[in-house]
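K.L.:
The following block contains a protein sequence and its predicted model.
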Amino acid sequence: MSNSILEGGTAAPVTAPSTMMSMQQALNRALDEVLAENPKAVIFGEDCGRLGGVFRITDGLQAKHGEQRVFDTPLAESGILGMSVGLAMAGFHPIPEVQFDGFAYPAINQIVCQVARMNYRSRGTLPMPITLRVPSFGGIRAPEHHGESLEALFAHVPGLKVVSPSNPHEAYHLLKYAATRPDPVIFMEPKSRYWQKGEVDLTRHDAADGGGSPTGAKVMRAGRHLTLVAWGAMVARCLQVAELAAEDGIDIEVLDLRWLKPVDAEALGASVRKTRRAVVVHEAPLTSGLGAEVAQLITQSCFDTLKAPVERVTGFDVPYPSGDLEDEYIPNIDRILFGIQRVLEYKRG
Amino acid sequence: MDTLPLASGDAAKPLTPAELRELYSLMVAVRHLDASAIAWQRQGIIPGYAPELGQEAAQVGSGYAVDTTRDFVFPTYREMGVARTMGVDMVAYMSTHKATWHGGLYDPQQTRLAPIQAVVAGSVLHAVGWAHGQTLAGTADGSLGVAMTYFGDGASSQGDVHEALNFAAVMKAPVVFFVQNNGWAISVPTERQVAGGSVAARAAGYGMPALQIDGDDVVAVVEATRRAFAHARSGQGPVLIEAMTYRRGPHSTSDDPGRYRSLDEERDGAGLDPLERFRQRLLAEGIADGVFFAEALAAAKAEEEHLRIGIQALGSRPGTEMFDLVFQETTPALQAQAANWREESEHV
C-alpha cells in the first residue's frame, strides 16, 4: 500500500479544514466524494437508493448522482456480492452494502470463494476493487443477527483486507482510502457510533501522528504503563477507561488498530515495548478471536520486555445475546478495568 | 418450449455450408481433445479431468454464437468445448487440469472467458454483474455486450442461480443463461434434482423468455443461442436456454458411474452420438464428404498431439507467485511469509 492518503487520489478541495459531524455524516460525505471523483464507483444494496440505507449512510446520494450510480437491489446478499464480482470484472469499483453484519453470512460463499480469490485465480488480471460496507458490532439493542462481530472470520480469509473506523474523522478518511484501493476491503462500521459527533479534519488524515500511513494503527492516547488495543466502538470505551485509570495514576496508551488485516505489527510492537503491558479489547467472542492474533504479534516482538501475559477482554463464546443482556456481553468499563488490574498485578510464578 | 420472440436480421440467417463444416471440425477437435484428456489422466500426464463426452453440440454450438470482441463467457469446470470454440489457447486452458494454476493460465480479459470455476452457480451471478456493467456503461442501441453463463441441472438447485435469474430479470441485464442439462449431477438424475419438470420452466416465474432445445443438435444450439444473444444485445433483458443433452461416462476421472447406472441405461438415455448425427446430416445434405471428414479427423489428431506436448512441457509456476498474486497491493505480513518461505526452501 502507498504511504500517503493523498496518493490514493482522495485529496478533495475543501474550504473548512475541520468540521464537526457525526460518523453517519462523515461516511455519507466520503461516499459522496468518492462518487464525484471516480466515475466507475457504484453504490448498491438493499434500500440504499431512495431510502438512503437503513442507517442513512447513503442518504441523498441517489438523488445527487443518479439511479445508475446508486441503486437498490433485490433482497439477496449473495446476489449483491456476486454482482459486485461481475461489475469489478467489467471495470467498475463496486461499493456494496450489506444491511447488517449478520446478513453477510448468506453472502459468505461469494465473499470467500469469489471476491477474495478472483485476483489470485486470474493471476492478477481480474482485480477486485470492492469496498464492502458492513454496519457491524452490537450496542444498539437490535434483533438477532443485527449485532455480529465478523472481523476474525473476514481477516482469516486470504485475499481480503479488513478495516474499522472508531470515530467520524477515521470514518471519513478510511472509507475514502478503502474505496480507492484495487483490492477487496471489508469496511466494518461500528453502528453504535453512527450518531456520535466528532471533529473531522478534512485535509489531514494522520495529523495526530505527524502524517503516518493510512494503513497503520494509530495511537489515540499516549501512555506509559499499559497499552489498550482496540478497534471500532471499543476505542471510545478504552479512551474512557484510560481517563478513569489516570485518576488512579495509571497512564494508559490507547492504540486504535484500525486495520484488522493487515494488522500493523510494527505499531503494536512499538507501543508495547514502551509500556511493557497490553490488554486487547474486542466485542467478538474470545475463542479464536482477533485478540489472539494481536496477543501473538505482541508476544513475538515484545517477549523479552513484557511484564505480564497479554490479557483479553472480549465478548463471550455465546451467540450474540438479546438487547437486555447486551451490556453484560460487550466489554464494559469495569471488565476492562479488571483486565488492566490482572496485568498490572501479575506476578511471575 | 420456446417463449423467445423470433429474431430478425443476422440471428435469423441460416448457417452457411462453410459454417456447418466449421462446426463439425470444432466438434471433432473437442471430441478428440476430450478423449485425449481422459487418456492423459490415465497415463499420469494430468491428475484429473471433467469429461464432456456427448456435450459437444451444446458446447460448440453455444460458444459459436459468442462475439469475443464484446461478449464475455462465464464457465464452470466442464466448458472445454466452449473454450476451444472461442479460440482460447488450449494448453493454457488445460493447465488447470494439470494442477498448474486454479482457473487456468489464459488471460480472461483477452480471451473473454472468465477463469474456470469449481463452485457451480458462483459465476452465474458474476455474469449478471458484468452484464449490468454493460448497461451502466451504455452503448449504441442494439450493441450491448452480452454475458453468457453456463451451468447444469445440478447447479440449478443452488440459491445463487435463483438470485441471478431474479437480479437479471429485475435489472433487464443482457445475460444468456445457458443450461446444459446433461441428465446427471454426479450420481443424481435430473428427476431427483430439478423440481417442476425442467429448468426452462422456471424462467416463466421470472418473466424471462426461455428455450428448451435439443442440445445434441449443433445447428439448433447455434440458432437458439444467436436468437438469445440478439434479444439480450438489443436491451430486452436476459434469456434462459436449456440444452437437453446427456453426459456419457463419468462426472470426472475420479467418478465411477457403474455405481449409479448401467452401460445399457447410459446407451438408452444418451441416444445417438451428436457427432455421428451431424456427420450423417452433412453427408445427406451434400455439405461434406468423406475426404472432408478424414481431414477434420487428421487435423484434430495433429492438434491433440501438439497440445499433449505443450501440456507435458508445462512446468510448475514459481512459488513466489503464490504470494505475489493474492493482492494488487501486497501486505507486510504476506511479504514476511514470502521471505520466510524463500529462506527456508533454499535450505532444503
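P.N.:
Structure's in. What do you need? Numbering: from 1, shown residues only, chains lettered A, B, ... in the order given.
K.L.:
Name the nearest residue to the residue of the stretch 201-349 of chain A at minimum distance from chain B, ignoring sequence neighbours.
P.N.:
As assessed by CB to the nearest CB, chain B sits closest to A:Pro262 within the stretch 201-349 of chain A, at 3.8 Å. C-beta here means a position set from N, CA and C on the backbone, and glycine is covered the same way. Among residues not flanking A:Pro262 along the chain, B:Thr331 sits closest, at 3.8 Å (CB to CB, 6 or more residues apart in numbering or on different chains).
K.L.:
I'd like to know how far the one you found sits from B:Glu346.
P.N.:
Noted for B:Thr331: a distance of 23 Å to B:Glu346, by CB to CB, to the nearest Å.
K.L.:
on that earlier part again, count of residues packed around the residue of the stretch 201-349 of chain A closest to chain B?
P.N.:
20 (other CB atoms under 10 Å in any protein chain shown).
K.L.:
And stretch B:8-19, what's buried?
P.N.:
Neighbour-count burial for stretch B:8-19, counted by 16 or more other CB atoms under 10 Å in any protein chain shown, picks out B:Ala11, B:Leu15.
K.L.:
again, but for stretch B:68-87
P.N.:
Per 16+ other CB under 10 Å, stretch B:68-87 contains these buried residues: B:71-86.
K.L.:
Out of these, which are close to chain A?
P.N.:
Restricting these to those touching chain A (CB under 8 Å from any CB of the partner chain) yields B:Phe72.
K.L.:
And the buried residues of stretch B:68-87, which is closest to A:Gln240?
P.N.:
Among these, B:Phe74 lies closest to A:Gln240 (CB to CB), at 50.8 Å.
K.L.:
looking at it, the closest one is touching B:Ala127, isn't it?
P.N.:
Yes. Contact criterion CB atoms under 8 Å: B:Phe74 and B:Ala127 qualify, at 4.3 Å.
K.L.:
got any residues that touch both of these two?
P.N.:
Listed as contacting both B:Phe74 and B:Ala127 by CB atoms under 8 Å, 6 or more residues apart in numbering or on different chains are B:Ala147, B:Met148, B:Thr149.
K.L.:
Please enumerate the strands of the stretch 151-300 of chain B.
P.N.:
B:175-181, B:184-185, B:188-189, B:210-214, B:239-244 (DSSP state E, counting those that start in this stretch).
K.L.:
deepest of those, which one?
P.N.:
Highest mean neighbour count among these (mean count of other CB atoms under 10 Å in any protein chain shown): strand B:175-181, with a mean of 29.
K.L.:
Can you tell me how far A:Met89 is from B:Val128?
P.N.:
Taken as CB to CB, the span from A:Met89 to B:Val128 is 11 Å.
K.L.:
my guess is B:Ser187 meets B:Gly258, correct?
P.N.:
No. With contacts counted by CB under 8 Å, B:Ser187 stays clear of B:Gly258, the gap being 10.6 Å.
K.L.:
Out of these two, name the residue with the larger neighbour count.
P.N.:
Taking neighbours as other CB under 10 Å, B:Ser187 and B:Gly258 compare with B:Ser187 leading, 13 against 10.
K.L.:
Setting aside sequence neighbours, what's the nearest residue to that one?
P.N.:
B:Tyr260 (4.0 Å).
K.L.:
that older thread, B:Thr331 and B:Glu346: which is more packed in?
P.N.:
Legend: neighbour count by other CB under 10 Å for B:Thr331 and B:Glu346, higher for B:Thr331 (19 against 7).
K.L.:
Now A:Gln110. Nearest residue, chain neighbours left out?
P.N.:
Among residues not flanking A:Gln110 along the chain, A:Leu81 sits closest, at 3.7 Å (CB to CB, 6+ apart).
K.L.:
you'd agree A:Gly159 is up against B:Leu325?
P.N.:
No. At 9.8 Å, A:Gly159 and B:Leu325 do not qualify as touching, with contact defined as CB under 8 Å.
K.L.:
Common neighbours of those two, please.
P.N.:
Here A:Gly159 and B:Leu325 have A:Asn119, A:Tyr120 as joint contacts, going by CB under 8 Å, 6+ apart.
K.L.:
secondary structure class for A:Tyr346?
P.N.:
With DSSP: H, G, I helix; E, B strand; the rest coil as the basis, A:Tyr346 sits in coil.
K.L.:
Of all the residues in stretch A:319-328, which ones are buried?
P.N.:
In stretch A:319-328, counting by 16+ other CB under 10 Å, buried: A:Tyr320, A:Pro321, A:Glu326.
K.L.:
Please compute how far that stretch lies from its chain's middle.
P.N.:
In terms of CA atoms, centre = their mean, to the nearest Å, the centre of stretch A:319-328 is found 21 Å from the chain centre.
K.L.:
which residues touch it?
P.N.:
For stretch A:319-328, the external contacting residues (CB under 8 Å, 6+ apart) are A:Gly138, A:Gly139, A:Arg141, A:Ala142, A:Glu144, A:Gly147, A:Glu148, A:Tyr329.
K.L.:
Correct me if wrong: the residue nearest to A:Pro262 contacts A:Lys161.
P.N.:
Yes. Contact status for B:Thr331 versus A:Lys161: in contact at 7.5 Å, counting by CB under 8 Å.
K.L.:
list residues touching both of these two?
P.N.:
When CB under 8 Å, 6+ apart defines a contact, the residues bordering B:Thr331 and A:Lys161 alike are A:Lys261, A:Pro262.
K.L.:
got a list of what B:His102 touches?
P.N.:
If you count contacts by CB under 8 Å, 6+ apart, B:His102 has them with A:Arg117, A:Tyr120, A:Arg121, B:Thr96, B:Pro115, B:Ile116, B:Ala118.
K.L.:
Quickly note the distance from it to B:Thr96.
P.N.:
Distance from B:His102 to B:Thr96, counting by CB to CB: 6 Å.
K.L.:
Show me the common contact partners of these two, please.
P.N.:
Overlap of the contact sets of B:His102 and B:Thr96 (by CB under 8 Å, 6+ apart) consists of B:Ile116.
K.L.:
The residue nearest the centre of chain A and A:Val235: what is the separation?
P.N.:
By CA atoms, centre = their mean, chain A has its centre lying nearest to A:Ser164, at 0.6 Å. The spacing between A:Ser164 and A:Val235, counted by CB to CB, is 9 Å.
K.L.:
okay, now B:Leu263: neighbour count?
P.N.:
Neighbours of B:Leu263 using other CB under 10 Å come to 10.
K.L.:
what residues are up against it?
P.N.:
By CB under 8 Å, 6+ apart, the contact set of B:Leu263 is empty.
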